[in-house]
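Enquirer: okay, sequence plus prediction incoming.
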Amino acid sequence: MTPPEASQADRQVAAGAPPAVSFRMSVLKKRADFLRASRARRQAMPGFVLQARRRADDEPAQGVRVGFTCSKKVGNAVARNRAKRRLRAIARELLPREGRDGWDYVLIGRREVTASRPYATLRADLSRALDKVHR
RNA sequence: GCGGAUGGCCGGAUGGUCGCGGCGCCCGCGUUCCGCGGGGGUCGAGGAAAGUCCGGACUCCACGAAGCAACGGUGCCGGGUAACGCCCGGGCGGGGCAACCCGACGGAAAGCGCCACAGAAAACAGACCGCCCGCGUGCGGCCGUCCCACGGUCCGCAGCGGGUAAGGGUGAAACGGUGGAGUAAGAGACCACCGCGGGCCCGGUAACGGGUCCGGCACGGCAAGCCCCACCGGGAGCAAUGCCGAAUAGGGAUCCCGCGGGCCUUCGCGCCCAGGGCAGCUUCGGCCCAGGGAUCCGGGUUGGCAGCUCGAGCCGCGCGGGCAACCGCGUGGCCAGAUGAAUGACCAUCGCCGUCCUUCGGGGCGGUACAGGAUCCGGCUUACAGGCCGUCCGCGCAC
(Lines give C-alpha, C1' and ligand atoms only; values in the text may rest on other atoms or scores of the structure.)
Protein backbone atom coordinates (compact mmCIF):
# COMPACT_ATOMS: atom_id res chain seq x y z
CA MET A 1 0.00 0.00 0.00
CA THR A 2 1.06 3.55 -0.45
CA PRO A 3 1.45 6.00 2.36
CA PRO A 4 -1.46 8.31 3.02
CA GLU A 5 0.24 11.20 1.27
CA ALA A 6 1.45 9.04 -1.59
CA SER A 7 0.61 11.59 -4.22
CA GLN A 8 3.13 13.81 -2.58
CA ALA A 9 5.15 10.84 -1.39
CA ASP A 10 7.87 12.66 0.38
CA ARG A 11 9.87 10.65 2.82
CA GLN A 12 11.79 11.31 5.95
CA VAL A 13 14.53 9.47 7.66
CA ALA A 14 16.11 10.06 11.00
CA ALA A 15 19.82 10.39 11.27
CA GLY A 16 22.24 9.33 13.92
CA ALA A 17 24.46 11.38 16.12
CA PRO A 18 27.58 12.46 14.27
CA PRO A 19 30.86 11.24 15.66
CA ALA A 20 32.83 14.43 16.03
CA VAL A 21 30.66 17.40 15.15
CA SER A 22 29.09 19.91 17.43
CA PHE A 23 25.63 20.27 15.85
CA ARG A 24 23.12 17.46 15.57
CA MET A 25 21.08 16.21 12.63
CA SER A 26 17.30 16.04 12.87
CA VAL A 27 14.42 15.16 10.63
CA LEU A 28 12.07 17.12 8.41
CA LYS A 29 8.49 15.97 8.89
CA LYS A 30 6.25 18.91 8.15
CA ARG A 31 4.84 19.39 4.72
CA ALA A 32 5.39 23.13 5.04
CA ASP A 33 9.13 22.62 5.54
CA PHE A 34 9.32 20.59 2.34
CA LEU A 35 7.46 23.27 0.43
CA ARG A 36 9.80 25.97 1.68
CA ALA A 37 12.83 23.92 0.70
CA SER A 38 11.47 23.33 -2.78
CA ARG A 39 11.34 27.10 -3.35
CA ALA A 40 15.00 27.55 -2.36
CA ARG A 41 18.19 26.39 -4.05
CA ARG A 42 18.26 23.15 -5.95
CA GLN A 43 21.01 21.14 -7.56
CA ALA A 44 20.25 18.22 -9.91
CA MET A 45 22.66 15.28 -9.96
CA PRO A 46 22.51 11.99 -11.89
CA GLY A 47 21.33 10.00 -8.89
CA PHE A 48 19.14 12.54 -7.09
CA VAL A 49 18.09 16.16 -6.75
CA LEU A 50 19.29 18.22 -3.76
CA GLN A 51 17.30 21.10 -2.36
CA ALA A 52 18.79 23.35 0.36
CA ARG A 53 17.99 26.51 2.26
CA ARG A 54 19.23 28.46 5.27
CA ARG A 55 16.49 28.67 7.84
CA ALA A 56 14.88 32.02 8.59
CA ASP A 57 15.40 33.88 11.87
CA ASP A 58 12.11 32.79 13.43
CA GLU A 59 13.00 29.12 12.98
CA PRO A 60 15.33 26.99 15.14
CA ALA A 61 18.87 28.15 14.48
CA GLN A 62 20.75 25.06 15.65
CA GLY A 63 21.33 21.80 13.77
CA VAL A 64 21.10 20.35 10.29
CA ARG A 65 17.69 19.06 9.18
CA VAL A 66 17.19 16.66 6.33
CA GLY A 67 14.20 15.16 4.55
CA PHE A 68 13.73 12.70 1.72
CA THR A 69 11.26 12.54 -1.11
CA CYS A 70 10.59 9.51 -3.30
CA SER A 71 7.40 9.93 -5.26
CA LYS A 72 5.59 7.24 -7.17
CA LYS A 73 7.60 8.23 -10.21
CA VAL A 74 10.53 6.39 -8.62
CA GLY A 75 8.71 3.06 -8.89
CA ASN A 76 6.77 0.64 -6.75
CA ALA A 77 7.02 0.44 -2.98
CA VAL A 78 10.16 -1.67 -3.01
CA ALA A 79 11.95 0.67 -5.41
CA ARG A 80 10.90 3.73 -3.41
CA ASN A 81 12.09 2.21 -0.15
CA ARG A 82 15.45 1.23 -1.58
CA ALA A 83 16.08 4.66 -3.11
CA LYS A 84 15.13 6.39 0.12
CA ARG A 85 17.37 4.13 2.21
CA ARG A 86 20.41 4.72 0.03
CA LEU A 87 19.82 8.48 0.12
CA ARG A 88 19.52 8.28 3.87
CA ALA A 89 22.80 6.36 4.05
CA ILE A 90 24.83 8.94 2.13
CA ALA A 91 23.18 11.79 4.03
CA ARG A 92 24.05 10.22 7.36
CA GLU A 93 27.62 9.78 6.22
CA LEU A 94 28.24 13.24 4.75
CA LEU A 95 25.92 15.85 6.25
CA PRO A 96 27.41 15.91 9.77
CA ARG A 97 30.72 16.76 8.14
CA GLU A 98 29.79 18.77 5.06
CA GLY A 99 26.36 20.15 5.97
CA ARG A 100 26.01 23.63 7.45
CA ASP A 101 24.47 24.42 10.81
CA GLY A 102 21.06 26.06 10.47
CA TRP A 103 20.30 24.66 7.02
CA ASP A 104 17.55 22.39 5.73
CA TYR A 105 18.26 19.81 3.03
CA VAL A 106 15.87 17.71 0.95
CA LEU A 107 17.03 14.80 -1.18
CA ILE A 108 14.77 13.63 -4.01
CA GLY A 109 15.11 10.14 -5.45
CA ARG A 110 15.16 9.30 -9.15
CA ARG A 111 13.78 6.31 -11.00
CA GLU A 112 16.29 3.46 -11.51
CA VAL A 113 19.42 5.58 -11.00
CA THR A 114 19.18 6.23 -7.26
CA ALA A 115 18.96 2.49 -6.58
CA SER A 116 21.58 1.31 -9.07
CA ARG A 117 24.34 3.97 -9.07
CA PRO A 118 27.49 2.73 -7.30
CA TYR A 119 27.53 3.83 -3.69
CA ALA A 120 30.87 5.64 -3.86
CA THR A 121 29.71 7.58 -6.91
CA LEU A 122 26.45 8.50 -5.26
CA ARG A 123 28.34 9.76 -2.23
CA ALA A 124 30.67 11.82 -4.42
CA ASP A 125 27.60 13.27 -6.15
CA LEU A 126 26.25 14.51 -2.84
CA SER A 127 29.58 16.00 -1.87
CA ARG A 128 29.73 17.98 -5.12
CA ALA A 129 26.10 19.01 -4.86
CA LEU A 130 26.59 20.35 -1.34
CA ASP A 131 29.61 22.27 -2.48
CA LYS A 132 27.70 23.90 -5.34
CA VAL A 133 24.67 24.72 -3.25
CA HIS A 134 26.68 26.38 -0.50
CA ARG A 135 28.48 28.61 -2.93
C1' G B 1 14.32 -44.01 -20.09
C1' C B 2 10.80 -40.58 -22.74
C1' G B 3 6.24 -37.94 -22.54
C1' G B 4 2.21 -36.40 -19.49
C1' A B 5 -1.23 -35.50 -15.08
C1' U B 6 -1.59 -33.87 -10.11
C1' G B 7 -0.65 -32.50 -4.79
C1' G B 8 2.64 -30.18 -1.36
C1' C B 9 7.01 -27.24 -0.03
C1' C B 10 11.31 -23.71 -0.21
C1' G B 11 12.14 -19.13 -2.23
C1' G B 12 19.31 -17.47 -0.41
C1' A B 13 23.39 -18.50 3.97
C1' U B 14 27.37 -16.77 7.31
C1' G B 15 30.44 -12.89 9.20
C1' G B 16 32.08 -7.67 9.81
C1' U B 17 31.55 -1.91 10.23
C1' C B 18 27.82 1.77 10.76
C1' G B 19 22.50 2.59 11.58
C1' C B 20 16.60 2.48 12.25
C1' G B 21 11.26 1.35 14.81
C1' G B 22 8.58 -0.99 19.23
C1' C B 23 8.89 -2.78 24.40
C1' G B 24 11.24 -3.97 29.23
C1' C B 25 15.99 -3.28 32.20
C1' C B 26 20.35 -0.61 34.29
C1' C B 27 23.31 4.00 35.18
C1' G B 28 23.79 9.40 35.43
C1' C B 29 21.41 14.30 35.42
C1' G B 30 17.18 17.37 36.19
C1' U B 31 13.80 15.57 39.90
C1' U B 32 6.35 17.35 40.40
C1' C B 33 3.94 15.31 36.19
C1' C B 34 7.75 14.38 33.17
C1' G B 35 12.14 15.22 30.36
C1' C B 36 17.51 14.65 28.70
C1' G B 37 22.01 11.68 27.98
C1' G B 38 24.51 6.88 28.03
C1' G B 39 24.72 1.40 28.19
C1' G B 40 22.72 -3.28 27.42
C1' G B 41 18.58 -6.94 26.33
C1' U B 42 14.63 -8.50 23.25
C1' C B 43 11.25 -8.47 19.01
C1' G B 44 10.88 -6.37 14.00
C1' A B 45 7.51 -7.97 6.27
C1' G B 46 5.20 -12.03 2.34
C1' G B 47 3.89 -16.44 -0.23
C1' A B 48 1.76 -13.62 -2.43
C1' A B 49 2.53 -8.38 2.55
C1' A B 50 0.05 -7.07 -4.18
C1' G B 51 -4.94 -6.45 -6.97
C1' U B 52 -8.94 -4.60 -3.49
C1' C B 53 -12.81 -9.01 -6.32
C1' C B 54 -16.05 -11.67 -2.41
C1' G B 55 -17.09 -13.06 3.01
C1' G B 56 -16.80 -11.62 8.19
C1' A B 57 -15.12 -9.23 13.02
C1' C B 58 -15.25 -4.23 14.84
C1' U B 59 -17.12 1.12 14.86
C1' C B 60 -20.53 4.81 13.75
C1' C B 61 -25.10 6.25 11.28
C1' A B 62 -30.38 5.14 10.26
C1' C B 63 -37.31 5.22 15.27
C1' G B 64 -39.45 -0.19 15.85
C1' A B 65 -42.38 -4.46 13.86
C1' A B 66 -44.90 -6.88 9.76
C1' G B 67 -46.06 -7.10 4.65
C1' C B 68 -45.20 -5.32 -0.28
C1' A B 69 -42.28 -3.01 -3.99
C1' A B 70 -37.61 -1.65 -5.93
C1' C B 71 -32.36 -2.55 -6.37
C1' G B 72 -28.06 -5.80 -6.03
C1' G B 73 -26.12 -10.69 -5.57
C1' U B 74 -26.14 -16.12 -5.71
C1' G B 75 -28.04 -20.40 -8.78
C1' C B 76 -27.27 -29.14 -9.87
C1' C B 77 -27.23 -31.99 -4.75
C1' G B 78 -25.11 -32.92 0.08
C1' G B 79 -21.49 -31.55 3.59
C1' G B 80 -17.63 -28.06 5.93
C1' U B 81 -17.32 -23.07 7.99
C1' A B 82 -18.23 -17.33 12.02
C1' A B 83 -19.47 -16.46 6.92
C1' C B 84 -18.76 -16.64 1.63
C1' G B 85 -19.47 -16.16 -4.82
C1' C B 86 -14.56 -20.25 -0.80
C1' C B 87 -13.33 -25.55 0.27
C1' C B 88 -14.58 -31.00 0.19
C1' G B 89 -17.51 -35.09 -1.60
C1' G B 90 -21.22 -36.61 -5.09
C1' G B 91 -24.44 -36.20 -9.69
C1' C B 92 -24.99 -34.69 -14.80
C1' G B 93 -22.75 -32.81 -19.43
C1' G B 94 -18.16 -32.13 -22.39
C1' G B 95 -12.71 -33.20 -23.60
C1' G B 96 -8.63 -36.87 -23.24
C1' C B 97 -6.01 -43.87 -24.93
C1' A B 98 -5.37 -42.73 -19.63
C1' A B 99 -3.91 -40.27 -15.06
C1' C B 100 -6.97 -36.27 -15.12
C1' C B 101 -9.14 -31.65 -16.67
C1' C B 102 -13.24 -28.17 -17.87
C1' G B 103 -18.59 -26.41 -17.05
C1' A B 104 -23.07 -18.82 -14.82
C1' C B 105 -25.01 -26.55 -14.37
C1' G B 106 -32.68 -23.67 -11.84
C1' G B 107 -36.94 -22.50 -15.47
C1' A B 108 -37.81 -21.92 -22.83
C1' A B 109 -45.59 -26.86 -22.75
C1' A B 110 -45.91 -17.82 -17.95
C1' G B 111 -45.04 -14.23 -21.38
C1' C B 112 -42.24 -10.63 -24.53
C1' G B 113 -38.06 -10.21 -27.73
C1' C B 114 -34.14 -11.94 -31.04
C1' C B 115 -32.21 -15.83 -34.51
C1' A B 116 -27.00 -12.11 -38.83
C1' C B 117 -24.89 -14.41 -43.50
C1' A B 118 -26.32 -18.34 -46.46
C1' G B 119 -30.72 -20.81 -47.70
C1' A B 120 -36.93 -22.32 -50.99
C1' A B 121 -38.05 -21.92 -45.90
C1' A B 122 -35.58 -19.69 -39.16
C1' A B 123 -40.83 -20.97 -35.78
C1' C B 124 -45.62 -21.65 -38.35
C1' A B 125 -45.95 -23.62 -41.15
C1' G B 126 -44.82 -23.41 -45.91
C1' A B 127 -42.48 -25.79 -50.79
C1' C B 128 -36.99 -23.83 -54.79
C1' C B 129 -34.96 -28.02 -57.32
C1' G B 130 -36.68 -32.80 -57.36
C1' C B 131 -40.10 -37.36 -57.25
C1' C B 132 -45.07 -39.31 -58.74
C1' C B 133 -50.12 -39.18 -61.19
C1' G B 134 -53.35 -36.98 -64.84
C1' C B 135 -54.24 -33.87 -69.31
C1' G B 136 -51.99 -34.07 -74.12
C1' U B 137 -53.37 -27.47 -76.42
C1' G B 138 -47.53 -26.56 -78.28
C1' C B 139 -42.52 -28.46 -80.37
C1' G B 140 -39.55 -32.64 -81.93
C1' G B 141 -39.10 -37.92 -82.96
C1' C B 142 -41.31 -42.75 -84.44
C1' C B 143 -45.26 -45.39 -87.18
C1' G B 144 -49.50 -45.66 -90.91
C1' U B 145 -47.09 -44.12 -96.45
C1' C B 146 -41.73 -41.92 -100.20
C1' C B 147 -43.31 -36.45 -99.36
C1' C B 148 -47.34 -32.74 -97.76
C1' A B 149 -51.78 -32.90 -95.05
C1' C B 150 -54.26 -35.99 -91.62
C1' G B 151 -54.30 -39.77 -87.95
C1' G B 152 -51.99 -42.95 -83.76
C1' U B 153 -53.77 -46.83 -77.21
C1' C B 154 -46.06 -44.79 -78.76
C1' C B 155 -41.59 -41.75 -76.82
C1' G B 156 -39.12 -37.16 -75.20
C1' C B 157 -39.25 -31.89 -73.85
C1' A B 158 -42.02 -27.68 -72.48
C1' G B 159 -46.79 -26.25 -70.36
C1' C B 160 -51.21 -26.85 -67.14
C1' G B 161 -53.79 -29.32 -62.91
C1' G B 162 -53.00 -32.38 -58.67
C1' G B 163 -50.19 -35.48 -54.88
C1' U B 164 -45.69 -35.53 -51.77
C1' A B 165 -41.85 -33.75 -48.37
C1' A B 166 -38.12 -39.29 -48.55
C1' G B 167 -33.69 -37.02 -51.58
C1' G B 168 -30.56 -32.25 -53.12
C1' G B 169 -28.40 -27.94 -51.16
C1' U B 170 -27.56 -23.66 -47.00
C1' G B 171 -26.66 -22.91 -42.01
C1' A B 172 -24.65 -22.66 -35.32
C1' A B 173 -29.54 -24.66 -35.77
C1' A B 174 -34.16 -27.29 -40.81
C1' C B 175 -40.04 -29.32 -37.75
C1' G B 176 -37.34 -36.28 -34.02
C1' G B 177 -33.00 -40.42 -35.61
C1' U B 178 -32.02 -45.49 -37.80
C1' G B 179 -34.30 -49.60 -40.02
C1' G B 180 -38.73 -51.95 -41.78
C1' A B 181 -43.43 -52.28 -43.83
C1' G B 182 -46.20 -49.54 -47.21
C1' U B 183 -47.11 -46.46 -51.75
C1' A B 184 -48.15 -43.93 -58.10
C1' A B 185 -44.38 -41.32 -55.40
C1' G B 186 -44.36 -40.57 -50.34
C1' A B 187 -45.16 -39.20 -45.18
C1' G B 188 -45.06 -41.23 -37.22
C1' A B 189 -50.34 -42.48 -41.40
C1' C B 190 -48.18 -47.71 -39.34
C1' C B 191 -44.28 -51.09 -36.67
C1' A B 192 -39.40 -52.01 -33.83
C1' C B 193 -35.36 -49.80 -31.27
C1' C B 194 -33.33 -45.05 -29.68
C1' G B 195 -34.86 -40.18 -28.25
C1' C B 196 -39.00 -37.25 -25.71
C1' G B 197 -43.09 -36.78 -21.92
C1' G B 198 -46.00 -39.05 -17.97
C1' G B 199 -47.40 -42.96 -14.16
C1' C B 200 -45.61 -46.82 -11.00
C1' C B 201 -41.62 -49.81 -8.67
C1' C B 202 -36.49 -50.17 -6.92
C1' G B 203 -31.59 -47.83 -5.21
C1' G B 204 -29.88 -43.12 -3.12
C1' U B 205 -30.41 -37.99 2.52
C1' A B 206 -30.49 -35.58 -2.30
C1' A B 207 -28.95 -34.14 -7.23
C1' C B 208 -29.74 -38.42 -9.94
C1' G B 209 -29.64 -43.50 -11.68
C1' G B 210 -32.04 -48.33 -13.06
C1' G B 211 -36.47 -51.05 -14.45
C1' U B 212 -41.41 -51.31 -16.29
C1' C B 213 -46.02 -49.65 -18.45
C1' C B 214 -48.50 -45.94 -21.16
C1' G B 215 -48.69 -41.73 -24.49
C1' G B 216 -48.10 -39.29 -28.82
C1' C B 217 -44.58 -37.31 -32.14
C1' A B 218 -46.54 -33.05 -29.56
C1' C B 219 -42.09 -29.48 -27.24
C1' G B 220 -35.97 -25.64 -32.58
C1' G B 221 -32.25 -22.39 -30.15
C1' C B 222 -30.80 -18.02 -26.97
C1' A B 223 -32.50 -16.85 -20.00
C1' A B 224 -24.36 -14.11 -20.50
C1' G B 225 -31.73 -9.72 -23.98
C1' C B 226 -35.96 -8.89 -20.75
C1' C B 227 -38.20 -12.15 -17.56
C1' C B 228 -40.10 -16.18 -13.88
C1' C B 229 -38.74 -19.09 -9.45
C1' A B 230 -35.83 -20.02 -4.88
C1' C B 231 -32.45 -18.11 -1.37
C1' C B 232 -29.34 -13.99 0.65
C1' G B 233 -28.53 -8.70 1.45
C1' G B 234 -29.89 -1.60 5.76
C1' G B 235 -25.72 2.19 4.76
C1' A B 236 -20.81 3.86 5.37
C1' G B 237 -16.08 2.63 6.61
C1' C B 238 -10.01 2.63 11.14
C1' A B 239 -9.14 9.16 6.99
C1' A B 240 -14.62 4.32 11.10
C1' U B 241 -15.04 6.13 16.06
C1' G B 242 -13.77 8.28 21.09
C1' C B 243 -10.78 11.71 24.05
C1' C B 244 -7.32 16.06 24.94
C1' G B 245 -5.25 21.01 23.79
C1' A B 246 -4.76 25.95 21.09
C1' A B 247 -6.68 31.01 17.55
C1' U B 248 -11.63 33.23 14.50
C1' A B 249 -18.13 31.17 14.09
C1' G B 250 -22.95 29.31 10.87
C1' G B 251 -23.51 24.99 15.52
C1' G B 252 -25.01 22.17 20.08
C1' A B 253 -26.92 21.45 25.21
C1' U B 254 -29.83 23.01 29.40
C1' C B 255 -33.51 26.13 31.51
C1' C B 256 -37.70 29.68 31.20
C1' C B 257 -41.84 31.68 28.56
C1' G B 258 -44.49 30.46 24.36
C1' C B 259 -46.18 26.73 20.69
C1' G B 260 -52.49 25.27 14.70
C1' G B 261 -57.95 24.88 15.00
C1' G B 262 -62.25 23.24 17.62
C1' C B 263 -65.37 21.38 22.00
C1' C B 264 -67.03 22.46 27.44
C1' U B 265 -72.39 23.14 33.28
C1' U B 266 -66.59 19.80 34.14
C1' C B 267 -61.26 25.31 32.03
C1' G B 268 -58.00 19.90 33.67
C1' C B 269 -52.91 20.48 28.25
C1' G B 270 -59.39 16.78 29.40
C1' C B 271 -61.31 15.30 24.58
C1' C B 272 -61.72 15.70 19.07
C1' C B 273 -59.60 17.14 14.32
C1' A B 274 -55.30 18.78 11.75
C1' G B 275 -49.64 20.37 9.69
C1' G B 276 -44.39 18.92 9.04
C1' G B 277 -40.41 15.31 10.03
C1' C B 278 -38.46 10.27 11.52
C1' A B 279 -33.61 6.47 4.08
C1' G B 280 -39.71 3.85 -1.09
C1' C B 281 -45.20 2.36 -0.20
C1' U B 282 -49.11 0.35 3.25
C1' U B 283 -50.72 -1.01 8.26
C1' C B 284 -49.91 -0.84 13.54
C1' G B 285 -47.22 1.34 17.49
C1' G B 286 -43.95 5.17 19.05
C1' C B 287 -41.08 9.70 18.97
C1' C B 288 -39.81 14.66 17.59
C1' C B 289 -40.67 19.79 15.72
C1' A B 290 -42.86 24.77 15.25
C1' G B 291 -41.35 31.45 18.06
C1' G B 292 -38.41 34.21 21.60
C1' G B 293 -34.95 34.87 25.70
C1' A B 294 -31.00 33.53 29.21
C1' U B 295 -26.81 30.60 30.57
C1' C B 296 -23.19 27.21 29.31
C1' C B 297 -20.45 24.19 25.95
C1' G B 298 -17.68 24.36 21.82
C1' G B 299 -16.53 23.59 16.13
C1' G B 300 -14.52 23.17 9.54
C1' U B 301 -8.34 22.50 9.81
C1' U B 302 -3.91 21.05 12.40
C1' G B 303 -1.23 18.38 16.41
C1' G B 304 -1.25 14.56 20.26
C1' C B 305 -3.48 10.13 22.64
C1' A B 306 -6.76 6.02 22.30
C1' G B 307 -8.76 2.52 18.53
C1' C B 308 -3.77 -0.84 17.60
C1' U B 309 -3.14 -5.70 17.70
C1' C B 310 -3.89 -12.41 21.39
C1' G B 311 -7.57 -13.58 17.59
C1' A B 312 -13.38 -17.73 14.57
C1' G B 313 -5.23 -16.86 15.39
C1' C B 314 -0.96 -19.61 12.99
C1' C B 315 2.55 -23.87 12.93
C1' G B 316 4.44 -28.82 14.60
C1' C B 317 3.42 -33.54 17.03
C1' G B 318 0.08 -37.26 19.28
C1' C B 319 -4.88 -39.43 20.04
C1' G B 320 -10.06 -39.73 18.46
C1' G B 321 -14.30 -38.86 14.63
C1' G B 322 -15.00 -38.21 9.19
C1' C B 323 -14.01 -40.90 2.16
C1' A B 324 -12.67 -35.67 2.45
C1' A B 325 -13.05 -30.44 3.46
C1' C B 326 -12.99 -30.23 8.53
C1' C B 327 -14.01 -31.00 13.83
C1' G B 328 -12.74 -32.35 19.12
C1' C B 329 -9.02 -33.26 22.96
C1' G B 330 -3.92 -33.08 24.67
C1' U B 331 0.94 -31.04 24.16
C1' G B 332 5.01 -27.80 22.48
C1' G B 333 6.24 -23.40 19.87
C1' C B 334 5.14 -18.59 17.48
C1' C B 335 2.57 -13.92 16.77
C1' A B 336 5.68 -6.39 13.82
C1' G B 337 2.53 -2.25 15.27
C1' A B 338 5.05 2.20 12.16
C1' U B 339 2.06 7.13 11.12
C1' G B 340 6.67 12.40 6.16
C1' A B 341 5.60 5.92 8.02
C1' A B 342 11.21 1.50 11.11
C1' U B 343 12.78 -3.66 9.55
C1' G B 344 18.41 -0.84 6.36
C1' A B 345 23.46 0.95 3.88
C1' C B 346 28.12 -0.95 2.59
C1' C B 347 31.86 -4.84 2.41
C1' A B 348 33.68 -9.94 2.45
C1' U B 349 33.12 -15.23 1.94
C1' C B 350 29.95 -19.07 0.30
C1' G B 351 25.60 -21.32 -2.09
C1' C B 352 22.42 -21.84 -6.58
C1' C B 353 21.58 -21.20 -12.14
C1' G B 354 23.48 -20.14 -17.19
C1' U B 355 27.69 -19.78 -20.36
C1' C B 356 32.89 -20.13 -21.92
C1' C B 357 37.77 -22.15 -20.97
C1' U B 358 40.20 -26.37 -18.66
C1' U B 359 46.36 -29.28 -17.53
C1' C B 360 39.73 -32.19 -14.96
C1' G B 361 42.19 -29.71 -9.58
C1' G B 362 39.53 -25.65 -11.10
C1' G B 363 39.07 -20.74 -13.32
C1' G B 364 36.67 -16.33 -16.10
C1' C B 365 32.12 -13.75 -17.13
C1' G B 366 26.94 -12.97 -16.34
C1' G B 367 22.49 -13.76 -13.48
C1' U B 368 20.10 -14.61 -8.37
C1' A B 369 12.86 -13.38 -9.26
C1' C B 370 7.94 -11.25 -8.06
C1' A B 371 7.44 -7.94 -4.54
C1' G B 372 7.25 -4.81 1.19
C1' G B 373 2.74 -4.42 6.50
C1' A B 374 -0.80 0.44 7.52
C1' U B 375 -7.50 -2.11 11.90
C1' C B 376 -7.63 -7.47 11.88
C1' C B 377 -9.09 -12.29 9.98
C1' G B 378 -11.10 -16.26 6.03
C1' G B 379 -11.00 -16.84 0.66
C1' C B 380 -10.32 -15.72 -4.60
C1' U B 381 -7.30 -13.72 -8.44
C1' U B 382 -2.85 -12.07 -10.46
C1' A B 383 3.01 -11.77 -10.44
C1' C B 384 7.44 -14.78 -9.67
C1' A B 385 14.82 -16.25 -10.87
C1' G B 386 15.83 -20.86 -9.33
C1' G B 387 14.91 -25.38 -6.78
C1' C B 388 13.02 -29.72 -3.64
C1' C B 389 9.59 -33.90 -2.30
C1' G B 390 5.42 -37.23 -3.23
C1' U B 391 1.46 -39.82 -5.98
C1' C B 392 -0.55 -41.39 -10.58
C1' C B 393 -1.11 -42.34 -16.21
C1' G B 394 0.61 -43.64 -21.33
C1' C B 395 4.62 -45.49 -24.40
C1' G B 396 9.36 -48.02 -24.86
C1' C B 397 13.06 -51.50 -22.82
C1' A B 398 14.38 -55.46 -19.40
C1' C B 399 12.49 -59.44 -16.26
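Expert: Perfect, thanks for sending it. Numbering: from 1, shown residues only, chains lettered A, B, ... in the order given.

Enquirer: state the mean pLDDT of the longest helix along chain A.
Expert: Taking DSSP state H as the criterion, chain A has its longest helix at helix A:77-98. Averaged over helix A:77-98, pLDDT sits at 86.

Enquirer: is RNA strand B within reach of it?
Expert: Yes. Helix A:77-98 is in contact with RNA strand B by Cβ under 7 Å from any atom of the strand, via A:77, A:78, A:81, A:82, A:84, A:85, A:86, A:88, A:89, A:92. Quick note: C-beta positions are derived from backbone N, CA and C, even for glycine.

Enquirer: drop anything exposed from those.
Expert: Neighbour counting by 16 or more other Cβ atoms under 10 Å classes A:82, A:84, A:85, A:86, A:88, A:92 among these as buried.

Enquirer: any chance of those in TSV with distance to residue A:114 as columns?
Expert: Below are these laid out as TSV (distance: Cβ to Cβ, whole Å):
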residue	distance to residue A:114
A:82	8
A:84	8
A:85	10
A:86	6
A:88	11
A:92	16
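
Enquirer: quick check: phi and psi at residue A:106.
Expert: Backbone geometry at residue A:106, expressed as degrees, to the nearest 10, gives phi -130, psi 130.
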